[in-house]
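> model the following, please.
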Amino acid sequence: MKRSARPAWLSSTALIFYGLGLGVLCGYLLPAEQHPAAYETFRFLSRAFISLIKMLIVPLIFSTIVVGIGKTGDVRAIGRMGIKALVYFEIATTAALVLGLTIAHAVRPGQGLSLPPSGETLAKPRTLVETLLHLFPANVVDAMAKQDILQVVVFATLFGIAAAHVKGKADAVLRFFDSVVAVMFQLTDYVMALTPLGVFGAMAGSVSHHGLKVLGSYAKLVASLYGALVLFTLLVLIPALLIVRVNLRLFFRKIREPFLLAFSTASSEAALPRALEKMVEFGVPESVAGFVIPAGYSFNLDGSTLYISLATLTIAQAAGVHLSLPTELLMMLTFMMTSKGVAGVPRAALVVIAAGCAAFNLPGDAGVAMILAVDELCDMARTSINVMGNCVASVVVARWEGVLGKPISVSNEDSPGAQIAREAVP
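Got it, this is the predicted structure:
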């Protein structure tokens, strides 16, 4: 007997919005300085939820890629798909860089901001050679333990290709990972039931720590970023979806939950399992979604790339430094390369900004310290666009490969993971 459908006001999306609103209210009423116990409780809820999400990532990505590639048996298609994904990634990130620079010149968010004397000490981004070497895991178990997504993707891809080559001898292995996929999607549903609680903790902790007054002097920077991200969606992501002829309303309905999850937690990893599941429901084959979306976390950070160019020019404006057009073009090329080398680095966007400032004689430490006050709020927006951009990339590549299928119909009374689990298990 099926469960009765929940009313709209009790849907999973509605509960996330309730968590967001209640988190802002509780964080405002319980500032961290006056109520440290409440603040620690908020942080616990947020961190515990994100830890549960991270628990899902490695087995979900690995099993999805192995099954997708192993079942197709077409090794050449994998290489072709990888090249097409990289072409799309470069086009999208270049557009994000150009738009960020354009908005920075038009709005000039750095005017009126003052640079503090010092900032955080951040890790250095990898060089191009280090980035390329990092693709190949010397220790697969260590890569999985560290949740190095790119190395896991590379190993899973090679494992799947090997399984495809041995054909019948790998049937037992593929059946095993097929069952793992089904179990992981079901487990994702269990964890996602806690989303409103995790969202509440993340928002309440952020507002409790920073308060709302911090937005005053940084309103132009924050508004510039949010406006630029909206423009990027309208000028790049939506046209890309229209070019590949997909139903926009259905697509945005599918990504609504992972988008809100990324926005509220400011964590791309938190949204990854749900984004994979929703794109499979949308009709993207598991082999494409499992390859493109995780790879995009290293090569297609559209929101972060846009923020890097916007924030760097904001720092230059606040410091009173004028950059010539050739210098800005060189800066854009530098960011295009260095942004690929910070996958897995904490506060990756700030790392690239600090490196860019050092390369172009801008006050890096002081500049990072200046934007750090609102970085968490900016991180929420850029992270959600990162997730959306990678979902779009998976759809574009699937259509480009001619393998985009029809969306899976899932009723309100049945969870997505349970539906996929039933279809995956023979």
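
> can you tell me the helix or strand for residue 17?
Per DSSP states H and E: residue 17 is located in helix 12-29.

> where are the low-confidence patches of the stretch 301-426 of the chain?
Counting by pLDDT under 70, the stretch 301-426 of the chain shows low-confidence ranges at 337-348, 351, 364-365, 369, 372-373, 408-426.

> one more: the stretch 101-250 of the chain?
By pLDDT under 70, the low-scoring segments of the stretch 101-250 of the chain are 113-128, 130-132, 210, 212-217.

> report the contact partners of residue 143.
Neighbour list for residue 143: 137, 151-152, 155 [criterion: Cβ atoms under 8 Å, 6 or more residues apart in numbering]. Heads up, the C-betas are built off the backbone N, CA and C, glycines and all.

> ok, residues contacting the helix holding residue 17?
Outside helix 12-29, the residues within contact range by Cβ under 8 Å, 6+ apart are 8, 38, 42, 192, 195-209, 211-212, 256-257, 260-261, 264.

> using the three-state scheme, assign residue 136.
Following DSSP: H, G, I helix; E, B strand; the rest coil, residue 136 is assigned to coil.

> write the ChimeraX selection for whichever of the contacts of helix 12-29 are buried.
With 16 or more other Cβ atoms under 10 Å as the criterion, this ChimeraX line picks the buried residues out of the contacts of helix 12-29:
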select :38,42,192,195,196,197,198,199,200,201,202,203,204,205,206,207,208,209,257,260,261,264
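
> quick one on the thing from earlier: ok now the helix or strand following the helix holding residue 17, how far from the chain's centre?
Following helix 12-29 in sequence order, the next helix or strand is helix 36-72 (DSSP H and E). With Cα atoms, centre = their mean, to the nearest Å as the basis, helix 36-72 stands 13 Å off its chain's centre.

> with stretch 311-322 instead?
Stretch 311-322 has its C-alpha centroid displaced from the chain centroid by 27 Å (Cα atoms, centre = their mean).

> pull out the buried positions in that stretch.
Applying a neighbour-count criterion of 16+ other Cβ under 10 Å, one finds 311-319, 321 buried in stretch 311-322.

> same question, stretch 98-118
For stretch 98-118, the neighbour count (16+ other Cβ under 10 Å) marks 99-101, 103-104, 107, 109-110, 113, 115 as buried.

> contacting residues around it?
Taking Cβ under 8 Å, 6+ apart as the rule, stretch 98-118 contacts 217-218, 220-221, 223-224, 227-228, 231-232, 235-236, 305-310, 313-319, 328, 332, 363, 365-367, 369-370.

> can you flag the buried ones in those residues?
For the contacts of stretch 98-118, buried by 16+ other Cβ under 10 Å: 218, 220-221, 224, 228, 232, 236, 305-310, 313-319, 328, 332, 363, 365-367, 369-370.

> sort out for me which of those residues are in helices.
Judged by DSSP state H, these include 220-221, 224, 228, 232, 305-310, 313-318, 328, 332, 365-367, 369-370 as members of helices.

> for residue 182, what is the enclosing helix or strand?
Assigned by DSSP H and E, residue 182 falls within helix 171-192.

> what's the answer for residue 90, then?
If you go by DSSP H and E, residue 90 is part of helix 75-107.

> again with residue 407
Using DSSP H and E, no element contains residue 407; it sits outside every helix and strand.

> I'd like the distance between it and residue 280.
When distance is defined by Cβ to Cβ, to the nearest Å, residue 407 is 10 Å away from residue 280.

> these two: who's more crowded?
A side-by-side neighbour count of residue 407 and residue 280, using other Cβ atoms under 10 Å, places residue 280 first with 27 against 18.

> am I right that the more buried one is in contact with residue 286?
Yes. The criterion here is Cβ atoms under 8 Å, and residue 280 meets it with residue 286 at 5.7 Å.

> quick one on the thing from earlier: from the chain's centroid, how far away is the helix holding residue 17?
How far helix 12-29 lies from its chain's middle: 21 Å, per Cα atoms, centre = their mean.

> and it with helix 36-72, angle?
150 degrees (axes from the mean of the first three to the mean of the last three Cα atoms, to 10 degrees).

> tell me which residues in helix 12-29 are buried?
Across helix 12-29, burial judged by 16+ other Cβ under 10 Å covers 12, 15-16, 19-20, 23-24, 26-27.

> go on, stretch 58-77?
So, applying 16+ other Cβ under 10 Å, buried residues of stretch 58-77: 58-72.

> other residues contacting it?
By Cβ under 8 Å, 6+ apart, stretch 58-77 touches 78, 144, 147, 149, 152-153, 155-157, 159-161, 163-165, 167, 170, 173-174, 177-178, 180-181, 184-185, 188, 272-273, 276, 285-291, 294, 401.

> many thanks, I have nothing further to ask.
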